[in-house]
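Enquirer: next come a sequence and a model predicted from it.
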Amino acid sequence: MPEETAKSMVNVQVDGVWKQFPRGTRLIEACEQAGSYVPRYCYHKKLSSPGNCRMCLIEMGMPKMGPDRTPVVGDDGMPVINWMPRPQISCAQDVAEGMGVRTNSPMVEECRRGVMEFLLINHPLDCPICDQAGECRLQEFSVEYGSAESRFLENKVKKPKNVELGARVTLDDERCILCSRCIRFCQEIAKDDVLGFIDRGSHSVLTAHPGKRLDNNYSLNTVDICPVGALTSSDFRFKMRVWFLKETKSFCTSCATGCNTVIGTREGVIYRQTPRENDAVNSTWMCDYGRLNFDYLQSDKRLLDPKVHDGDKLVPTDWKTALIDAAERLKHFDGSEIAIIASGRMTNEELWLTSRLAAALGVQLIEIVPHRGAGDDILLSADRNPNTNGARLLRVTDEPGAKLAAIAEGIASGRVKALIALKENPLEAGVSPEDLSELPAFVLMDILENPSTACASALLPSAGFAEKRGSMINGKGRLQRLNRAVQPPGQARDDWEILRDLIQEYSGQNGIYTIEEVFAQMSRSVPTFAGLSLSKIGDLGVQVMEVAESPSPDEPGKDEANKPESEKAAN
Amino acid sequence: MAITVSRPKLTWKERIYLPAILGGMAITFRHFKNMLLGRTKVTMQYPEEKWDSHLPDHYRGAPALVRDVSGRIRCVACQLCEFICPPRAIKIVPGELPSDDKFVKVEKYPNEFDIDMIRCIYCGMCEEVCPEQAIYLRKDYAITGFTREDMVHDKEKLLEIGGVMEGVVLKWNEQK
């Protein structure tokens, strides 16, 4: 008999080797854990198993029972397996005690070749123009189980091509292998049942229900899970072949959820963002809003050169001049006459340096701007600031937005004579345009041109989320890491470097030369970060805070929800 | 470490050089005689005269884009040649065919297609990798220009060199 196992574990023989798996494990997952990847199209581990693609056929057996209904034990002390004469699908089967699986027997290989031949009968020879090429399951398994020639002499079935399924998804029905992943995703995850199959046999096609469109905020996930090129992203369509893309692990900074992502870039241009699996944050999904919110980094409105106010206009200059100029302007004022508007879109490192800058200047009036929008109960958070928790932790804010009225009032009344705005537009934080243009000193660090940039006395172009390294704490208290996917354009610099140089203008050298040193100094002064470093955060992040769910904010605060452009205007 | 090279021992006949000089002069006078009789033909007056008709079929000259008999640019901007190109001479910007285009079934076409002929090493990998039989190495070898920009062949130039290719697979016709 097999050795005693914990109640929750079962013994399974995979390709002749006995292994233990937790009860309830899908057989296809068990095989993968044992190192035998079973090809599949319809099965997705986060969705239900319909078992309709038949690609994951395996040979299976159950323990041979003796006359006394106990398993017959073989010479090796393990149960003798009665192999079933027909193949089984491994995706709709849980492991059971004494079960045996063969994933690479001649019969299994023959089954896979047969399934591949059927799937390819009507498949168009589209690979040269198909966006999925390079990450297509059909291509990959064709290499292993496809045949070099088609035995199909009849004409292929014609189906609709280039169908606009929704605002962001394009469908090619000829490429579809009817795996139903997208249908199940819409039903089970997005809770927006709009897709289905119509017609029969080889004329069966995927389509949206009459009068419906695939327009929900999670529609592009269907593109990710589509194992072939049937569903493609209209945004990424024909932009770049996937094998050119350099993939950088990062996370989305469009809301407080912080979905883990992979940023695909080539030669300094961002082409797409795709979700990356992290079960503690976003499973394997992300919303379309966050996924497509990177175009602003490549817009014409990017600030490229540091500028200082000379006479009545802003003139481009070099960094040294700009920083000295910015510092000189602020030196004329007492700490009580200066206000800082920081941003919940800044990283922990930047916020920590901001608090150091505030301390060096003696500034008390420091606040971040709240950004809120409609959230949902899937992934999108109502808090559109990715790092509100970091700003709270680093004492840049107590309650986001609480002091903004005081800052605006102080500027209007003339008590506040200098303003430092970091990655935020003061005009959206309650400061009136007249007051801003008459402010004696206004130092602005931002990435995009906006109505406030013209008023700046010193303009410092900085980096967007994909252009810098750093860490943020998401809405659930998880510390996550940004990685640099592309270089900032023009003379734009890392935010932390700008802040460090500004601080140095007041307090001299501070021994910070790298982002790692910023984090090291920060972790010494902030107990939450004790013992951590950027590299220890890892790709999946570290839970650093216990955060109660933020009070449900269904009402979109401010007028943010109506102004997507302004939301894009900052990191 | 120095290597001592042993010099050949010359015979007295070799040491007086005269036989070698006379032998050389004999060859010179033979050529002189052939020239006077019009029998010598060793120099080709390039570029007035060219050897082009003798180029072998496998000759690899400048890469070029071809059209098929229906006039369609065969390239669908799959960018495999850009990927395979060892000196990275090829740059493609793909585009989507408008829905009223005659060849809209193909969906994709090269919006820009540049080959930097300063970089090109005439290896022929682009032709070999092309799944659409769209790029061929033609027999053009005298690729010249006054500036670096002149040496970049854009789509129009490549199509001009390429011309029409007959006898290739027409996989985008309606039958598939």
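Expert: Perfect, I can see it now.
Enquirer: and the helix or strand containing B:R30, what's buried?
Expert: Element membership for B:R30 (DSSP states H and E) is helix B:18-36. Within helix B:18-36, no residue counts as buried by 16 or more other C-beta atoms under 10 Å in any protein chain shown. C-beta coordinates here come from the backbone N, C-alpha and C atoms, glycine included.
Enquirer: hmm, who's touching that helix?
Expert: Identification of contacts with helix B:18-36 by C-beta atoms under 8 Å, 6 or more residues apart in numbering or on different chains yields B:13-14, B:40.
Enquirer: hmm, try it at 6 Å
Expert: B:T40 (C-beta atoms under 6 Å, 6 or more residues apart in numbering or on different chains).
Enquirer: same question for the helix or strand that it is followed by, mean pLDDT?
Expert: Moving toward the C-terminus from helix B:18-36, the next helix or strand (DSSP H and E) is strand B:63-65. In this model, strand B:63-65 carries a mean pLDDT of 96.
Enquirer: pLDDT below threshold where in chain A?
Expert: Regions of chain A meeting the criterion pLDDT under 70 cover residues A:1-6, A:548-571.
Enquirer: by proximity to chain B, which residue of it wins?
Expert: Here the residue of chain A nearest chain B is A:P128; by C-beta to the nearest C-beta that distance is 3.7 Å.
Enquirer: didn't that residue look like it was pressed against B:C78?
Expert: Yes: look at A:P128 against B:C78 with C-beta atoms under 6 Å: they come within range, at 3.7 Å.
Enquirer: for chain B, longest strand please?
Expert: Counting residues, the longest strand found in chain B (DSSP state E) is strand B:108-116.
Enquirer: tell me the buried residues in that strand?
Expert: B:108-110, B:113-116.
Enquirer: cool, and stretch A:507-514?
Expert: Those would be A:I512, for stretch A:507-514 by 16+ other C-beta under 10 Å.
Enquirer: which residues are in contact with the longest strand of chain B?
Expert: Residues from elsewhere that reach strand B:108-116 (C-beta under 6 Å, 6+ apart): A:129, A:238, B:63, B:75-77, B:89-95, B:97, B:152-155.
Enquirer: switch to 7 Å and redo it
Expert: A:129, A:238, B:63, B:65, B:73, B:75-77, B:89-97, B:151-155, B:158 (C-beta atoms under 7 Å, 6 or more residues apart in numbering or on different chains).
Enquirer: tell me who's in contact with A:S507.
Expert: Counting by C-beta under 7 Å, 6+ apart, A:S507 touches A:A360.
Enquirer: ok, now which ones touch A:M84?
Expert: Residues near A:M84 by C-beta under 7 Å, 6+ apart: A:60-61.
Enquirer: residue contacts, the residue nearest to A:N278 when sequence neighbours are not counted?
Expert: Leaving aside its sequence neighbours, A:N278 sits nearest to A:N260 (C-beta to C-beta, 6 or more residues apart in numbering or on different chains; 4.1 Å). The contact partners of A:N260, by C-beta under 7 Å, 6+ apart, come to A:251, A:275-276, A:278, A:281-282.
Enquirer: just the ones in helices from the residues you listed, please.
Expert: Among these, DSSP state H puts none in helices.
Enquirer: so how do I select the buried members of the residues you listed in ChimeraX?
Expert: A single ChimeraX command selects the buried members of the contacts of A:N260 (16+ other C-beta under 10 Å):
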select /A:251,275,276,278,281,282
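Enquirer: just checking, the residue of chain A closest to chain B touches B:E132?
Expert: Yes: using C-beta atoms under 7 Å, A:P128 is in contact with B:E132, at 5.7 Å.
Enquirer: overlap in contacts of those two?
Expert: Common neighbours of A:P128 and B:E132, counting by C-beta under 7 Å, 6+ apart, are B:76, B:78.
Enquirer: what's the domain layout of chain A?
Expert: Chain A breaks down into these domains under automatic domain parsing: A:9-114, A:156-298, A:307-570.
Enquirer: the spatially most central residue of chain A bridge partners, please.
Expert: Per C-alpha atoms, centre = their mean, the C-alpha nearest to the average position across chain A is that of A:T261, at 2.9 Å. For A:T261, the beta-bridge partners under DSSP bridges are A:S250, A:P275.
Enquirer: show me the contacts for it.
Expert: A:250-252, A:273-276, A:286.
Enquirer: then A:Y43?
Expert: Applying C-beta under 7 Å, 6+ apart, one finds that A:Y43 lies in contact with A:28, A:49, A:56, A:91.
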